[in-house]
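# Quick one, fold the following:
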Amino acid sequence: MLRRHSVKLLTYFLLLLGTPVFSQPDTLKVDSIDLSSFYDMPLEGLDSLSGVEAKSELEKVLNSLVKVASQKSQKTRNSPGIVTLITEEEIKNSGARDLIDVLRMVPGFTFGTDEAGRVGVGLRGNWANEGKVLLLIDGQEMNDVYQSNLSFGNHYPVDLIKRIEVIRGPGTAIYGGFAEYAVINIVTLSGEAFSGLKTEWIYGNMKDTRGRFNRYFYVGKNWKNLSINFTTYSGDGQRSDRPHFGQYRQELIDSLGVGRFVSLADESDLDPSFTNFYVKWKNLSVRSTIDLYKIQDITTLNELDERPEKFGLRSGFTEIKYVWEPTDRLTVTPQYSNTLQFPEFTGLNVPDSVIGDQRDNQLSRNKLSITADYDVNHRMNLLGGVGAFVDFARAEGLLTPFPLGTNNTTERFTNIFAFAQGIFRTPFVNITSGIRFDFNTRFSAAVAPRVALTKSFNKFHFKLLTSGAFRAPTVGNIAQNFEGDFRLTPDSTSISLINARNLEPEYTFAFEAELGYQFSDNAILTVNGFNILTFDPIVYRGFQPQELIDLFGEDSFIFGYTNEEEAGTYGAEAEFRVKDQWGYFNLNYAYYSASGRAIPETYQVRTFSFLPDERELVSNSQLLAFSQHRANMSLGINVDRTSTLTLTSSYFGKRFGYDVQEGFGPSGVTGELVEIEPQIMVNAFLYVKDILFDNLNVGIGMYNILNTEYKFYQPYFGLQPPVPGPSREFVFKISFGLNFSDDREDK
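Numbers count the residues shown, from 1 in each chain. All right, here's what the predicted structure looks like:
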């Protein structure tokens, strides 16, 4: 407790250092504007000047304006975060099949398996899928309302992405409780950026099954005061074609056993359906997004060794926003957003009438906010906002895919928030300081301060970043909070947990530092270090009260959420980038360690046993499922004016995870801790533009050329076998576009 409060006091002290210090302006070269206009120019306008002076292809990227770290557009080297910018060019040239392929190339990002074979995200060694990483698509939060989960694998429309801005580090001070460890901001194609029509087809084929067949369609138009665009993306894919252990349905265990290994070919569906409609009239905009993602439950087998069950979440996101500019310096933005989600299940071993009741289950979030952005002058910007959201969940049918606690059919809570941020340009350093307050009706208030010091000069730049962050409990976390109490059903065949409903927010303190040196107009090296310390982490783990073991055996568990003592990692990342007219070369490396941290036991690398007291610690520095050492390489060569050949590869250092061992244990199946030796995955893709006529583009390539048997392991002790990744996959893409006139004025 004393340690936690000491960290908070240190953070508040650093916040005070953010008080601006003004002096005479440093000398800057201004070629295109007069001096009086320069001093009146806002911060992002000042940063945009440098883009005109870019001397190379690399500097065009470095001078790109990003806003993910502060909601204020700044150059990547001035932005108050450890920022990675992924361009449309890099995504298309690599032939990326989905977001896993793209994010895997970002230092610190990796993936692991969750329940029922879903795949989620990890960051810097930490399991971060449950509310620690915020995913934004065109400004809309894609995390689910119930547990704030994300699901990856043939999901989001990667081929319609214009850019991805990533901050590895807390974004809570601006975005709130889902941005504790990182923020992924995806900007898709819009009518304001492209007036025209585009369509694309993607086909992938693995050894024993079709990998994917996805279709995209986009149409957008921009007039003087009006912009409209519509996007649709649909498809069907497979997680893998390798064997995976599935468990037989309960009524089959006596006759067929617990389970067996069965191929995932044509039995691991990943079926996306995504639409995005956007209209902007002058300063008023409306966006509506529908996302239905269906996944085959690869853990359950019927008597024919088939996997009949599918589950999905139908999500609707609506945003209404008005940008009011009463003066050239002040922008006020009121905004309303609504998230509505319905779980969908098929193939369950229950009557159709029960499955039909699933429409009675729903999740929603209604959010209202107002933000003010004021450019004091070319050296100072002030940003602040207030708002509130209401989360609601209803589970009234016989099929309740998300429990809401003992005898509860509805759950609702309200969250009120306020945040403020100041950006100050002094001759010596750029200072960004801010703070966010959240008050929730279900748990205590939470606060997240931040201070960032950044500066670029000549060929060097540096960043010193310190942030407080929190992760607020969600409806599902609170509903499944478990502290050890349970009750038997009347027939004594099963149990139900007694909900404690006393979860508290988890708090994170993060310190990051970055140094960068631009060797030439075409090459830059950046190195950063990080220290992430999380107190009272909200952890999903298995409980084994002695009464439960006595009743049902040592392989019986109750899974639920609780606050543990501490979590987090520290480490370093490095990236070397070269970009010139011939192409580009990127090489990055990431390392983490958990040594010295009081890591929750469910994340620790320990020998397998159903009984916690019998699990022995194997490594005090590495965590389950995630490599301590990771490296990525990307080489894009411009073969000619229209063709680019891209080679990408990823190195995964030694990993530990739990796998299935048949024929042992009280249930006929047990697990074992396995050590996975280092692995390398290599991909190649040739992308050709304007192949026969303008805007007809073709790509052909191969992913996982070495046919590496990569598996997604579970990053916690959750009794889920590892999920095999795709085998070698041949990928073919073809797209066609048609440009529209973009200069028509309104009548």
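# Tell me which stretches of this structure form helices.
Using DSSP state H, the helices of the chain run over residues 2-16, 35-40, 43-52, 57-62, 88-94, 99-103, 172-175, 253-256, 352-356, 475-479, 546-552.
# and the fifth one, what other elements does it pack with?
If I follow you right, that is helix 88-94. Secondary-structure packing of helix 88-94 (3 or more Cβ pairs under 8 Å, 6 or more residues apart in numbering; DSSP states H and E): helix 99-103, strand 161-168, strand 629-638, strand 643-652, strand 679-688. C-beta here means a position set from N, CA and C on the backbone, and glycine is covered the same way.
# Ok, the fourth one next?
Contact analysis of helix 57-62 by 3+ Cβ pairs under 8 Å, 6+ apart lists strand 523-535, strand 570-580 as its packing neighbours.
# Would you reformat those as CSV and include mean pLDDT and distance to Ala510?
Formatted as CSV, those follow (pLDDT from 0 to 100; distance: least, Cβ to Cβ, whole Å):
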stretch, mean pLDDT, distance to Ala510
strand 523-535, 96, 5
strand 570-580, 96, 10
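# quick one: which of those strands is nearest Thr199?
strand 570-580 (29.7 Å; Cβ to Cβ).
# Where does the prediction get shaky in the stretch 251-400 of the chain?
Scanning the stretch 251-400 of the chain for pLDDT under 70 picks out 353-354, 356-357, 359, 397-400.
# all strands of it, in order?
Under the criterion DSSP state E, counting those that start in this stretch, strands of the stretch 251-400 of the chain are mapped to 259-263, 269-281, 284-296, 300-301, 310-322, 330-346, 362-377, 380-394.
# buried set for the second one?
By that I understand strand 269-281. If you call a residue buried by 16 or more other Cβ atoms under 10 Å, then strand 269-281 has these buried ones: 269-276, 278, 280.
# Tabulate the residues you listed in JSON lines, adding columns for distance to Phe576.
Converted to JSON lines, these look like this (distance: Cβ to Cβ, whole Å):
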{"residue": "Asp269", "distance to Phe576": "39"}
{"residue": "Leu270", "distance to Phe576": "34"}
{"residue": "Asp271", "distance to Phe576": "39"}
{"residue": "Pro272", "distance to Phe576": "34"}
{"residue": "Ser273", "distance to Phe576": "39"}
{"residue": "Phe274", "distance to Phe576": "35"}
{"residue": "Thr275", "distance to Phe576": "39"}
{"residue": "Asn276", "distance to Phe576": "35"}
{"residue": "Tyr278", "distance to Phe576": "37"}
{"residue": "Lys280", "distance to Phe576": "40"}
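# Buried residues, stretch 175-183. List them.
Across stretch 175-183, burial judged by 16+ other Cβ under 10 Å covers 175-183.
# Quick one: end-to-end distance for it.
One end of stretch 175-183 sits 9 Å from the other (Cα to Cα, to the nearest Å).
# Can you list the low-confidence ranges for the stretch 51-200 of the chain?
51-55.
# one step back: among the helices and strands packed on helix 57-62, which is nearest Leu382?
strand 523-535 (27.8 Å).
# just checking, what packs against that closest one?
Where contact means 3+ Cβ pairs under 8 Å, 6+ apart, strand 523-535 is packed against helix 2-16, helix 57-62, strand 506-520, strand 566-567, strand 570-580.
# one more time with 10 Å, if that's ok
If contacts are counted by 3 or more Cβ pairs under 10 Å, 6 or more residues apart in numbering; DSSP states H and E, strand 523-535 sits against helix 2-16, helix 57-62, strand 460-471, strand 506-520, strand 566-567, strand 570-580, strand 583-593.
# Pairing partners for it, with directions?
strand 506-520 (antiparallel), strand 566-567 (antiparallel), strand 570-580 (antiparallel) (DSSP bridges).
# what angle separates the first one from strand 460-471?
This means strand 506-520. If you take axes from the mean of the first three to the mean of the last three Cα atoms, to 10 degrees, strand 506-520 sits at 160 degrees to strand 460-471.
# Export strand 506-520 to CSV, keeping only CA atoms.
C-alpha atoms of strand 506-520 as CSV (Å, rounded to 0.1, in the frame of the first residue of the first chain):
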residue,chain,number,x,y,z
GLU,A,506,-6.5,-1.3,-11.3
TYR,A,507,-3.9,1.4,-11.5
THR,A,508,-0.8,1.5,-13.6
PHE,A,509,2.3,3.7,-13.4
ALA,A,510,4.4,3.7,-16.5
PHE,A,511,7.8,5.4,-17.2
GLU,A,512,9.1,5.5,-20.8
ALA,A,513,12.1,7.1,-22.4
GLU,A,514,13.1,7.3,-26.1
LEU,A,515,16.2,8.4,-27.9
GLY,A,516,16.4,8.8,-31.7
TYR,A,517,19.2,9.7,-34.1
GLN,A,518,18.7,10.3,-37.8
PHE,A,519,21.9,9.1,-39.5
SER,A,520,21.0,10.6,-42.8
